[in-house]
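Engineer: Fold the following.
(chains A, B and C)
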Amino acid sequence: MAGQQDPSTQGLSGPRLGERLPRSFFAEDVLDVAPALLGCFLTVGPVTVRLTEVEAYAGESDPGSHAFRGPTPRTQVMFGRAGHLYVYFTYGMHWCANVVTGTEGHASAVLLRAGEVVGGERVAAGRRDGIPRRDWTRGPARLATTLGLKGEDSGADTCGDDGRIAFHAAASHVPAPLIRTGPRVGVSGAGGDAEAYPWRFWLADEPSVSAYRPAKPRPRRTPS
DNA sequence: CAGTTGATTCGCT
DNA sequence: GCGAATCAACTGG
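Structural biologist: You can find the predicted model right below:
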């Protein structure tokens, strides 16, 4: 009873507020790591964001994951050590960033979907010239762009000594009721169980996260 | 405000 | 060759 029990540390031996996230933080189950990353900070060079939306990808057994069909040159980093970045290129023009979680060989990762710029605003603004601040980091590709992440950063160790890329724990405790969950976004044919489980996590009442709207196909009127 | 559509390169089959 | 863990512009209300 001497030790004050912090409810936020159930299941994860959490780092203290504001401390750098060690590799052990990422070496847990992806469904534990993903929500625990909300409110945490990611620094890449001069820019720092506070994470407000993430998505879990559960390795080789997850049909929605790039790792589903086994390791390839592109996805190899996912099969490696936790704490490294997996950055991929998509739709012919966008980069998106993940952080690898779990045990080596399991290939699970957390997609970083949205955040809020809290440092290096000058540099961020230069990268997102003419775009409303709210859209700087809303969506995985926008987030990666604002942070300056590209393919060359895939494989970077966020727990390394370099320190150019690093995660830090939230500045204050994130109340569990603020953590919302829902289906993943944009995962086509997400495959059976993956659709049944909410593997997307975000912070309620964050302007950087658009409210989840279930896709409602409107009866399209046929002109003919 | 919200729904639709074109853009454009890479990775894998 | 096809489809993609998306975005920004444009449409109509």
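Engineer: following the lowest-mean-pLDDT helix or strand in chain A, which helix or strand comes up?
Structural biologist: One helix or strand of chain A scores below all others by mean pLDDT, DSSP states H and E: helix A:192-196, with a mean of 48. For helix A:192-196, the following helix or strand on the C-terminal side (DSSP states H and E) is strand A:200-203.
Engineer: Please enumerate residues in contact with that following strand?
Structural biologist: Outside strand A:200-203, the residues that touch it by CB atoms under 8 Å, 6 or more residues apart in numbering are A:34-35, A:38-39, A:52-56, A:113-114, A:174, A:178-185, A:209. Heads up, the C-betas are built off the backbone N, CA and C, glycines and all.
Engineer: Which residues belonging to stretch A:25-39 are considered buried?
Structural biologist: Going by neighbour count (16 or more other CB atoms under 10 Å), the buried part of stretch A:25-39 is A:25-31, A:33-39.
Engineer: biggest separation within the residues you listed, which pair?
Structural biologist: A:27 and A:39 (19.8 Å; CB to CB).
Engineer: For the residue lying closest to residue A:147 once chain neighbours are set aside, give me its contacts.
Structural biologist: Distance criterion CB to CB, 6 or more residues apart in numbering; nearest residue to residue A:147, sequence neighbours excluded, is residue A:44 at 4.4 Å. Residue A:44 is in contact with A:147, A:148, A:149, A:153, A:164, A:165, counting by CB under 8 Å, 6+ apart.
Engineer: could you redo the last one with a cut-off of 7 Å?
Structural biologist: If a contact means CB atoms under 7 Å, 6 or more residues apart in numbering, then residue A:44 has A:147, A:148, A:149, A:164, A:165 as its contacts.
Engineer: go on, residue A:60?
Structural biologist: Counting by CB under 7 Å, 6+ apart, residue A:60 has contacts A:67, A:68, A:70, A:107.
Engineer: filter those residues to the buried ones?
Structural biologist: A:67, A:68, A:107.
Engineer: For residue A:16, state which of those residues is nearest.
Structural biologist: Each of those was checked against residue A:16 using CB to CB; the closest is residue A:107, at 29.5 Å.
Engineer: Ramachandran angles for that closest one?
Structural biologist: The phi/psi pair for residue A:107 (degrees, to the nearest 10) reads phi 70, psi 30.
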